[in-house]
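Enquirer: Sharing a sequence plus its predicted fold:
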Amino acid sequence: MAIPKPQMSKEELEDIILQKIFLVSLTEPSEPDSRIVYLEMTAAEILSVGMEMRLSIDLMESILIDRFMGNFGSVEPPFQYLVGCYKRADDECKKITSVKNKDLRSYMESIIRQAKKLSVSYGRIHLGNPEAFPSPGGNSNNSITASPLLPLIFSEVASSVDGFGGSSSSPPGFLDEFFRDSDFDMLDPILKGLYEELMETVQNVSALGNFQQPLRALLFLVSFPAGAKSLVNHPRWIPKGVLNGRGIEKTSILGPFFHVSALSDHPFSVSEFFSEGSNTADKSSYVTIKTVMNILYDGLAQVLLTLLKNPDTSEKVLEYLAVVINKNSSRAHMQVDPLSCASSGMFVNLSAVMLRLCGPLLDANLTKIDKIYPKYVFSGNRLELRGLTALHATSEEVTEWISKDNMSAQYSFNCECFFMTARVLNLGLLKAFSDHKHLEENIRRFKEALNAMKNLGSPQLNTNIAQLEKEIKLLEQERHCYEAQIVSDEPLVQQAISFYRLMVVWLGRLVGGFKMPLPSTCPVEFASMPEHFVEDAMELLLFASRIPRAFNGILLDDFMNFIIMFMASPEYIRNPYLRSKLVEVLNCLMPGGNRPSAAPPTLFEGHKLSLEYLVRNLLKLYVDVELTGSHTQLYDKFNIRHKIAKLLEYLWQVPSHRNAWKKVAKEEEKGVYLNYLNFLINDSIYLLDNSFKTILEHKQLEAEMSNNADWKRRPARERKEKARLFHSQEKIIQTHLTFANEDLNTLAFTSEQITAPFLLPEMVERVASVLNYFLLQLVGPKRKSLNLKDPEKCKFHPEQLIKQIVYIYVHLARGDTDNTFAAAISKDGRSSNDQLFSAAADVLRKIGEDGRVIQEFVELGSKAEVAASEALDAEAALGDIPDEFLDPIQYTLMKDPVILPSSRITIDRPVIQRHLLSDNTDPFNRSHLTADMLIPDNELKAKIQEFIR
């Protein structure tokens, strides 16, 4: 018969459990065990007071102190010992699950719970005051020693994916209990030390380094209320005394995390990512960089979001973001000082993070757009936005608005997040786009210089060539970094497009929504918004158009609405360059372009505002950019008009837009449309004249360079300068002829269906004179002076020019029902010649042009000859014409005399109206003058009519 085991009391079980957990004993162990500490002095004290020689939870605090303060040789350091106690307690907890007696099991669970709590509590005490318990061997932890908590945290947050784990494992629940339930004042110094260690861990870490482990540790810590509170109250959350953006990046807790990047202003070489080699980079490197950077973006966004959701810490997060933005405002400058500004890497990362925080604002229906208030820009509570250039308002107008209205208010996080994101994108992502563009331009320029050096074939240049090749390779590596982190990250670009869609819709709401016409007065809220809000939206679209699939799934209609409404509205957007940028975006979106991303044709051909206002506003902008106010306005004007011309050529091919064009030409025959035609003709004159003049200079220089003997005798410096001038002339001729061809092409295809404006009294003689002059240059006696050795290189195609000019003649002749055009051709004594039409017809026959067109052109020449003969007969019949009947500028008989209100001089109406198309001033005293100010001289008109009769 088996003898039953004697039942142990609860006290005896408690003693056994605590011995196993804390590895201490009040009696000398029967078998030596280096792990168990015999507390002889503690046992003597217990005996002296008559207590039983057993461990109890009530005694454990004093027993733990004795354990730590005694000199027990090679025992574990205090913190590691306490972690072990917690783990052993956890093991004991698993063992007692089989105990059937519920009361006993509950009692044992209580003891284990208290043992765990005691382990954690003394762990906090020890880490908060390491000197309190000496480490084995007499060495105490000090501030230089890394916190033993950090390996446990790294283990807790370890990921099997990236391979960054922890060397020490944390018992389940230990860290959660350590950080969750405690006096904040006790945890705060521990947490502050951990944050500083994490900050140091990621200093100067690259995108391919171990930033993920510290980042996950940071996210883990801020998930606890105490951790969040400690972080935002850390002296290095917003370091005091930091003067600039670079200082914030280097010394704030989050700065080094945001600094992790693949971009080149990092302290390590870009060769870590891409080796010196070919122009193409390993696409797997692109994927790796994009992947790890998105891990960084997501992690940092989650850290900030956790802090923002906590009402005790959200305000400090907004303060931090505002300081980072304000201290780096100079990143908007053309040249960024790396010693005073945060890196591009930090601001690209911050851009990606802010876009993630803006997520709730960017739903398809923009349901939270009402949460964004324009007055925030001028509240001055946080962001420094008042000094930014406004869309239209002057600083005085903004000041007046602010003084009249109360700007101080409580703004929601959505509102603050919107404006902070707009500023961060301006200083970060958009700046990086610009840097990438300049990088590509530098590579192209360096390669051109390299080719020029190689073509010279001088051995003395070998050192320079080698140095330039090395610089090009470094620039190409840098470009790969930008492309890997930004260009190849389509979701990032699409998030930014979604944000700027919200921006343009919100700006549109400030003027009453996307509808035309605009209010006659620009609302001050719109006029006062920072100009870069619009510029950044347009720059983003321009950049995105170079990225395949960037517009996939993106609704572009709102951008189209905004562009159409404001591109021809100087009363709303003062800066002509910004309005011209809207046209540049249309060019990139235009179907059939050479961009990787373009808009679907329906954006242009089925869009309501587009069908009604696109052509009208393009024509208006064409006129508006005549004077930009810049020292480069001539160059700017032609470039802007070149883009407009491309769009108009495309729109003419769309029947609905062609009808809209005809409608504008009819409604604005003596308004915008006539001004448009005038500037189109002015530009073609300037461009062709300059082209012909430069061709003559180019031929002369070409002859000099062809004389080998004389050329080689000249100094090297002179040859270099002349060679540079030669290539410069080639580019000028190419550009001017390209633009001139576009202008003549526009005149040709529009004149086929719209002739009336060309035949107006103030326009017809000018058109005829210009066409005659062009024909004289191309088929006249001096035409051979324009012959080039390599006309294709300069894009000089005289036959094409002649063809376009002839078609304009023929189209206008078809619409000329009363021989007005033929008469105008005959009046041009400067360049009209009966042989010109015959010579031009010969050229057309030579290139196989339509015989019917040639016949109509020859017939027009004949009509002009008849008109010239009739004009001579009429002039002879009139005899001497009194001076008062002659126009003071043209010295021709006036038909409709008018008095200029300021100078009081009488002039023929068509002559002054022609002048006013280009210049709204009195030609005799430069005072302001418009067509409606002209005073009819009816008395003189009657005298002239009587004289003619």
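Expert: Alright, I've got the coordinates.
Enquirer: list the buried ones in stretch 714-728?
Expert: Arg719 (16 or more other CB atoms under 10 Å). Quick note: C-beta positions are derived from backbone N, CA and C, even for glycine.
Enquirer: Need the CA coordinates for that stretch. PDB is fine.
Expert: Provided in PDB are the C-alpha atoms of stretch 714-728 (Å, rounded to 0.1, in the frame of the first residue of the first chain):
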ATOM      1  CA  ARG A 714      45.000  82.300 -85.200                       C
ATOM      2  CA  PRO A 715      45.500  82.200 -81.400                       C
ATOM      3  CA  ALA A 716      43.900  79.100 -79.700                       C
ATOM      4  CA  ARG A 717      41.800  81.400 -77.500                       C
ATOM      5  CA  GLU A 718      40.300  83.200 -80.500                       C
ATOM      6  CA  ARG A 719      39.600  79.900 -82.300                       C
ATOM      7  CA  LYS A 720      37.900  78.600 -79.100                       C
ATOM      8  CA  GLU A 721      35.700  81.800 -78.800                       C
ATOM      9  CA  LYS A 722      34.800  81.700 -82.500                       C
ATOM     10  CA  ALA A 723      33.900  78.000 -82.300                       C
ATOM     11  CA  ARG A 724      31.700  78.700 -79.400                       C
ATOM     12  CA  LEU A 725      30.000  81.600 -81.300                       C
ATOM     13  CA  PHE A 726      29.600  79.300 -84.300                       C
ATOM     14  CA  HIS A 727      27.700  76.700 -82.300                       C
ATOM     15  CA  SER A 728      25.700  79.400 -80.500                       C
END
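Enquirer: quick one: contacts of it?
Expert: 698, 701-702, 704-705, 711 (CB atoms under 8 Å, 6 or more residues apart in numbering).
Enquirer: Could I have the buried ones of the residues you listed as ChimeraX selection syntax?
Expert: Those of those that count as buried under 16+ other CB under 10 Å are selected in ChimeraX with:
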select :698
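Enquirer: In helices only, show me the contacts of stretch 714-728.
Expert: 698, 701-702, 704-705, 711 (DSSP state H).
Enquirer: What separation do you get for Arg180 and Phe224?
Expert: As judged by CB to CB, to the nearest Å, Arg180 and Phe224 stand 6 Å apart.
Enquirer: These two: who's more crowded?
Expert: Phe224 (20 against 15; other CB atoms under 10 Å).
Enquirer: And the residue lying closest to the more buried one once chain neighbours are set aside, its phi and psi?
Expert: Of all residues not flanking Phe224 in the chain, Phe179 sits nearest, at 4.2 Å (CB to CB, 6 or more residues apart in numbering). The phi and psi values for Phe179, taken as degrees, to the nearest 10, are phi -100, psi -20.
Enquirer: so who does Phe179 touch?
Expert: Per CB under 8 Å, 6+ apart, neighbours of Phe179: 187, 191, 221, 224, 226-227.
Enquirer: Return a PyMOL selection command for the buried portion of the residues you listed.
Expert: Entered in PyMOL, the line below selects the buried ones among the contacts of Phe179, by 16+ other CB under 10 Å:
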select buried, resi 187+191+221+224+226+227
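Enquirer: farthest-separated two in the contacts of Phe179?
Expert: Leu187 and Leu221 (10.3 Å; CB to CB).
Enquirer: number of nearby residues for Thr251?
Expert: For Thr251, the neighbour count with other CB under 10 Å is 17.
Enquirer: isn't it right up against Lys240?
Expert: No. Between Thr251 and Lys240 there is no contact under CB atoms under 8 Å: 9.9 Å.
Enquirer: mean confidence for stretch 680-687?
Expert: Rounded to a whole number, the mean pLDDT of stretch 680-687 is 92.
Enquirer: Show me where the stretch 401-550 of the chain dips below the pLDDT cut-off.
Expert: 406-408, 456-457 (pLDDT under 70).
Enquirer: residue ranges of the helices in it, please?
Expert: Assignment of helices within the stretch 401-550 of the chain using DSSP state H, counting those that start in this stretch yields the ranges 413-427, 429-456, 462-482, 490-509, 524-527, 532-544.
Enquirer: Could you do the stretch 701-850 of the chain as well?
Expert: Under DSSP H, counting those that start in this stretch, the stretch 701-850 of the chain gives helices at 708-713, 716-751, 761-779, 798-815, 820-827, 834-846.
Enquirer: Can you tell me which of the ones in helices among the contacts of stretch 714-728 is closest to His436?
Expert: His698 (35.2 Å).
Enquirer: pretty sure the closest one is touching Gln729, no?
Expert: Yes. Using CB under 8 Å, His698 is in contact with Gln729, at 4.4 Å.
Enquirer: mind listing what the residue nearest the centre of the chain touches?
Expert: Nearest to the geometric centre of the chain sits Leu430, at 2.7 Å (CA atoms, centre = their mean). Applying CB under 8 Å, 6+ apart to Leu430 gives the contacts 536, 539-540.
Enquirer: so what's Pro6 scoring on pLDDT?
Expert: pLDDT, read off for Pro6, is 58.
Enquirer: Also Ala931?
Expert: 86.
Enquirer: hang on, isn't it packed against Arg914?
Expert: No. Ala931 lies out of contact with Arg914 (CB under 8 Å); the separation is 10.7 Å.
Enquirer: ok, the two, which is more surrounded?
Expert: Set Ala931 next to Arg914 and count neighbours by other CB under 10 Å: Arg914 wins out with 21 against 15.
Enquirer: For that one, which non-adjacent residue is spatially closest?
Expert: Nearest to Arg914 is Glu762, by CB to CB, 6+ apart, at 4.5 Å.
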